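Trainee: Build the 3D model from these lines:
(chains A, B, C and D)
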Number of protein chains: 2
Amino acid sequence: MPDTPTVTAHGQISRPTPLRQAVYEALTELIINGSLKPGRHLVEAELAESLGVSRQPIREALQRLQTAGWVDLRPSQGAFVHSPTTQECAQLLSVRALLETHSARGAARHATARDVARLWELQQTGLAALAAGDARAIVEANAALHGHITLLSRNAVLDELIPQVDRRVRWYYMPIAKPRGKDAWNEHARIIEAIGEGAADRAEELMRRHTRNTTDFYCEQIAAVAGRDD
Amino acid sequence: MPDTPTVTAHGQISRPTPLRQAVYEALTELIINGSLKPGRHLVEAELAESLGVSRQPIREALQRLQTAGWVDLRPSQGAFVHSPTTQECAQLLSVRALLETHSARGAARHATARDVARLWELQQTGLAALAAGDARAIVEANAALHGHITLLSRNAVLDELIPQVDRRVRWYYMPIAKPRGKDAWNEHARIIEAIGEGAADRAEELMRRHTRNTTDFYCEQIAAVAGRDD
DNA sequence: ATGCAGAATACTGTATGCAATCATCATTCG
DNA sequence: CGAATGATGATTGCATACAGTATTCTGCAT
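Mentor: Got it, this is the predicted structure:
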């Protein structure tokens, strides 16, 4: 994909994409897909050369990666890919549950018919991915759906905070996406219905249960795995 | 104060503080105390000169300031001090309520006697500031108390997220700190009691009411002011 | 063999310079 | 007289160079 100016879907004019942004996206991708493993020392000069840019945009991207929780930045030592603990994953999921529950309520209050139609489209995408058994596509569709619900909540603060939590959850979520899949997408359907009817309380409660189910499922899976090698 | 390595109170060895950190703190201070007003264009070269450093640390600090919500960073145009809308303040307060409620529950479950004693100390500091009528000190003590509760929740994710929300709330909160004061600190006392007894449910509920009261109070005040000049 | 001291190396932190981009203002044409 | 257009100055984005610090390796004494 060339870095020439492009036009977004909304007809917005595109400012030339800063390199630091491209670097940020490239690095998150490398971390998510496992090319850069947790704990690995990220040397600025290496990254700069392999991505074909200077150290400056690398440094700026690393700053953002730190606040997003992808890397740990230790003074005069450099950047290290963040190593998640199972404890942290559980905390991340529980915080996500809080925030998304709140956003479901907001979505139910603000969504238009058009918005809801879009949610059903995303739901279809997810079901297709589930049928195809593509874990990566499932996780992506899941993130897209949840992200759109957040958008519909019309809450700028949530919209800023949730991605920070959610993208990381997405990372940890990958291994359990398939087994959890069927139930999760049934729950999605009922949440969308509630949003479509503007039933704020019901949407909130359904989302609360949905995220709690996901959290529980995750913890069980982890416990099962931990039991094997402890 | 020289920047030679010193030893902190916890016996930790202090890595030399990067300039970007100092710049970050200096700029937040300037924004909070009003020297840099919302909407103002922050020119890198100006800041660099006035702080006596080069543009590089300034740029890195601006990156962090953006993710923390203090400034808006528009590509190839530079940084602008974020202009909060009343709507955004309300959203910020409601999200803070969610997160702090959750952290109060965690604190009640994990706090030791020593931790609780520390909370009472902070409470005393707050009462003293209240008696002195020093709005700035009140806000600071309030932030310190809430921050310590978050710490006690032993939840790394909350500990990372709440400051992002809380520091901004602190900013908006300044004007209403005094009138809200008395009630707020009474509520604090009961929350601390609940934490001391390890009563998670009660601590959670008290915190929920406390943050809701604060939110309501803020909205009323804003409405009153808006009524005047609309 | 083991622990320690010191030098060498590698990396980060900071400063500076140059090119690309944007906003502003004067100018010209309808 | 107003609007479109081109030139100019200011500012950001990126690259490179240098200084300070941490880590590692080697050699030596115990």
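
Trainee: tell me which element the nearest residue to A:A129 once chain neighbours are set aside is part of?
Mentor: Of all residues not flanking A:A129 in the chain, A:A137 sits nearest, at 3.7 Å (CB to CB, 6 or more residues apart in numbering or on different chains). The C-beta positions use only the backbone N, C-alpha and C, and glycine is treated the same way. Element membership for A:A137, per DSSP states H and E: helix A:135-152.

Trainee: on contacts alone, who are the packing partners of that helix?
Mentor: Other elements packing on helix A:135-152 under the criterion 3 or more CB pairs under 8 Å, 6 or more residues apart in numbering or on different chains; DSSP states H and E are helix A:86-110, helix A:113-132, helix A:156-173, helix A:177-196.

Trainee: Now find how far off-centre it is within its chain.
Mentor: Mean-position distance between helix A:135-152 and its chain equals 7 Å (CA atoms, centre = their mean, to the nearest Å).

Trainee: cool, stretch A:149-160 as well?
Mentor: Its chain's C-alpha centre and that of stretch A:149-160 lie 14 Å apart, by CA atoms, centre = their mean.

Trainee: can you give me the mean pLDDT across it?
Mentor: What stretch A:149-160 shows for mean pLDDT is 93.

Trainee: And for stretch A:16-26?
Mentor: For stretch A:16-26, mean pLDDT rounds to 89.

Trainee: ok, it near chain B or not?
Mentor: Yes - against chain B, stretch A:16-26 shows contacts by CB under 8 Å from any CB of the partner chain at A:P16, A:T17, A:P18.

Trainee: how about that stretch, does it get close to DNA strand D?
Mentor: Yes - counting by CB under 7 Å from any atom of the strand, DNA strand D is contacted by stretch A:16-26 at A:P18, A:L19, A:R20.

Trainee: Let me see the contact set for the second one.
Mentor: With contacts defined as CB atoms under 8 Å, 6 or more residues apart in numbering or on different chains, the neighbours of A:L19 are A:V53, A:P57.

Trainee: So it versus B:S76, what's the distance?
Mentor: Separation of A:L19 from B:S76 (CB to CB, to the nearest Å): 12 Å.

Trainee: Next one: the residue lying closest to A:V165 once chain neighbours are set aside, what pLDDT does it get?
Mentor: The spatially closest residue to A:V165, leaving aside those adjacent along the chain, is A:R96, at 4.9 Å (CB to CB, 6+ apart). For A:R96, the pLDDT comes out at 93.

Trainee: Show the backbone phi and psi for A:T112.
Mentor: phi -100, psi 170 (degrees, to the nearest 10).

Trainee: ditto for A:D72
Mentor: Dihedral angles for A:D72 - degrees, to the nearest 10 - are phi -110, psi 130.

Trainee: ok, the residue lying closest to it once chain neighbours are set aside to B:S83 distance?
Mentor: Distances taken as CB to CB, 6+ apart put A:F80 closest to A:D72, at 5.0 Å, once the chain neighbours are dropped. Look at A:F80 and B:S83: by CB to CB, they are 36 Å apart.

Trainee: Between these two, which has more neighbouring residues?
Mentor: A:F80 (16 against 11; other CB atoms under 10 Å in any protein chain shown).

Trainee: a helix runs through the more buried one, doesn't it?
Mentor: No - with DSSP: H, G, I helix; E, B strand; the rest coil as the criterion, A:F80 is strand rather than part of a helix.

Trainee: Hmm, it is touching A:L42, no?
Mentor: Yes - counting by CB atoms under 8 Å, A:L42 is a contact partner of A:F80 at 6.7 Å.

Trainee: Now do the same for A:A9: its pLDDT.
Mentor: pLDDT, A:A9: 38.

Trainee: State the distance from the residue nearest to A:A129 to A:A184.
Mentor: 14 Å.

Trainee: The two: which has the busier surroundings?
Mentor: Set A:A137 next to A:A184 and count neighbours by other CB under 10 Å: A:A184 wins out with 20 against 16.

Trainee: if we can go back for a sec, overlap in contacts, A:F80 and A:L42.
Mentor: Common neighbours of A:F80 and A:L42, using CB under 8 Å, 6+ apart, are A:V71.

Trainee: what sits against the spatially most central residue of chain A?
Mentor: Compute the mean C-alpha point of chain A, and by CA atoms, centre = their mean the closest residue is A:R167, 2.6 Å away. Contacts for A:R167 (CB under 8 Å, 6+ apart) come out as A:T28, A:A68, A:A143.

Trainee: Quick check: the closest residue to the first one other than its chain neighbours vs B:E121, distance?
Mentor: The one in question is A:T28. Leaving aside its sequence neighbours, A:T28 sits nearest to A:W70 (CB to CB, 6+ apart; 6.1 Å). Separation of A:W70 from B:E121 (CB to CB) stands at 37 Å.

Trainee: How about A:I162?
Mentor: Counting by CB to CB, the gap from A:I162 to B:E121 is 35 Å.

Trainee: Next: A:E205.
Mentor: From A:E205 to B:E121 the distance is 40 Å (CB to CB).

Trainee: With neighbour numbers in mind, choose between A:I162 and B:E121.
Mentor: The neighbour count for A:I162 versus B:E121, taken as other CB under 10 Å, is higher for A:I162 (25 against 13).

Trainee: what about A:V157, distance to DNA strand D?
Mentor: Relative to DNA strand D, A:V157 is positioned 24 Å away (CB to the nearest atom of the strand, to the nearest Å).

Trainee: same question but for A:W185, I mixed them up
Mentor: Taken as CB to the nearest atom of the strand, the span from A:W185 to DNA strand D is 39 Å.

Trainee: That residue reaches A:L127, doesn't it?
Mentor: Yes - assessed by CB under 8 Å, A:W185 is found in contact with A:L127 at 5.9 Å.
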